[in-house]
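Visitor: Build me a model from this:
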Amino acid sequence: MPLVFAAATNHGPGITGRRDTAPEEEVAPFFEGWKRLHQRMEVANLDALVVVSSDHIQNLYMDNMPAFIIGLGDEFPGPTEDEHFLKIPKTVVPGVPEIAGVLVEEVMETIDLSYSGELALDHGFMVPLHFLTPKYDVPVIPLIINCMFPPYPKLGRAYELGRALRRAIDQQSQRIGLLGTGGLSHWPASPLSGKVAEEWDKEFLDAMIANSREDLIRYSDAEIERDGGPGGHEIRSWITVAGACEGSGGTLDFYTPLPSFAIGGAVIEMTVA
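Guide: Numbering: from 1, shown residues only. Now for the predicted structure:
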């Protein structure tokens, strides 16, 4: 069955960890957007959800930093962060290794993947899942892209990863969705934390809406770092979703700068023609 759902949105520890201290008028549109996305995911009636994110030095470090790594486990514990910090209770998210294994076989026809049966989920996965699958009743297939340490995978490779995922998903009989999380502009764990590059965010979102490969992959790593911050490298997750929907555009549900959460917040849903 062809891919039945594809979207991209943010993650960030402040979304749950600092929720109670954020001005309601600033953050309300963000949570309303996630509520709508949750409803659309429910309508999609997913058998599995591939979630593309980065790893925040929880599973991987400089001694082993693959460009792309996929989780093949029966289940994934999370969040890795302290409950008091993230304000998400520890839980176990179900995996679906029988689907994940088949996807890996097909994706590796064109894209080399590392894989693991023992990934743990940090806030990059758990924050959006906490809102979008609050019962954790949709099995997930986590896919991590190195957005932490150079050399980063090229943006064009992220787009090609999305194309390979789409080819693999479309060969399955189950109803499978794809969610990219991360970004947009942010400067995590730095004196600039809370800064949001609104113009840069909107330029990138325009390219997502048009699904213009040329515009999506034109950024150099230095330009991302300068204009979108070190957290801006997580646009690779969004670009992967765009690659999976090549030939179709997207619809921006909302965008709003969220300095309280130190991100530019957005939800974009892609057409999965």
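Visitor: Am I right that residue 49 is in a strand?
Guide: Yes - secondary structure of residue 49, determined by DSSP: H, G, I helix; E, B strand; the rest coil: located in a strand.
Visitor: Strands of the protein, residue ranges please.
Guide: Listed in chain order, the strands found in the chain under DSSP state E are 5-9, 48-53, 68-71, 75-78, 91-94, 114-116, 140-145, 176-181, 250-258, 263-270.
Visitor: Just put the ones you listed in a markdown table and tack on mean pLDDT and mean neighbour count.
Guide: Just so you know, the C-beta spots here come from the backbone N, C-alpha and C atoms, and that holds for glycine as well. As requested, the strands of the chain are exported to a markdown table (pLDDT from 0 to 100; neighbours: other Cβ atoms under 10 Å):
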| stretch | mean pLDDT | mean neighbour count |
| --- | --- | --- |
| strand 5-9 | 98 | 26 |
| strand 48-53 | 98 | 26 |
| strand 68-71 | 97 | 23 |
| strand 75-78 | 97 | 21 |
| strand 91-94 | 98 | 16 |
| strand 114-116 | 95 | 16 |
| strand 140-145 | 98 | 27 |
| strand 176-181 | 98 | 27 |
| strand 250-258 | 94 | 18 |
| strand 263-270 | 95 | 25 |
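Visitor: what would these look like in a markdown table with distance to residue 222?
Guide: Formatted as a markdown table, the entries for the strands of the chain read as follows, by distance: least, Cβ to Cβ, whole Å:
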| stretch | distance to residue 222 |
| --- | --- |
| strand 5-9 | 23 |
| strand 48-53 | 23 |
| strand 68-71 | 22 |
| strand 75-78 | 33 |
| strand 91-94 | 36 |
| strand 114-116 | 26 |
| strand 140-145 | 19 |
| strand 176-181 | 23 |
| strand 250-258 | 23 |
| strand 263-270 | 20 |
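Visitor: which residue ranges form the helices in the protein?
Guide: In chain order, the chain shows helices spanning 13-17, 24-44, 83-86, 97-107, 123-132, 155-169, 198-210, 213-216, 221-223, 235-244, with DSSP state H as the criterion.
Visitor: hey, which of those helices is tucked in deepest?
Guide: Each of the helices of the chain was scored by mean neighbour count; the highest is helix 235-244, a mean of 29, by mean count of other Cβ atoms under 10 Å.
Visitor: and that helix, what other elements does it pack with?
Guide: In this structure, helix 235-244 makes packing contacts with strand 5-9, strand 48-53, strand 140-145, helix 155-169, strand 176-181, helix 198-210, helix 213-216, strand 263-270, judged by 3 or more Cβ pairs under 8 Å, 6 or more residues apart in numbering; DSSP states H and E.
Visitor: quick one: average confidence on it?
Guide: If you average the pLDDT over helix 235-244, you get 98.
Visitor: now do stretch 184-200
Guide: Stretch 184-200 comes out at a mean pLDDT of 90.
Visitor: list the buried ones in that stretch?
Guide: Applying a neighbour-count criterion of 16 or more other Cβ atoms under 10 Å, the buried positions in stretch 184-200 are 184-188, 194, 196-197, 200.
Visitor: out of those residues, which one sits closest to residue 259?
Guide: The nearest member of these to residue 259, counting by Cβ to Cβ, is residue 194 at 4.6 Å.
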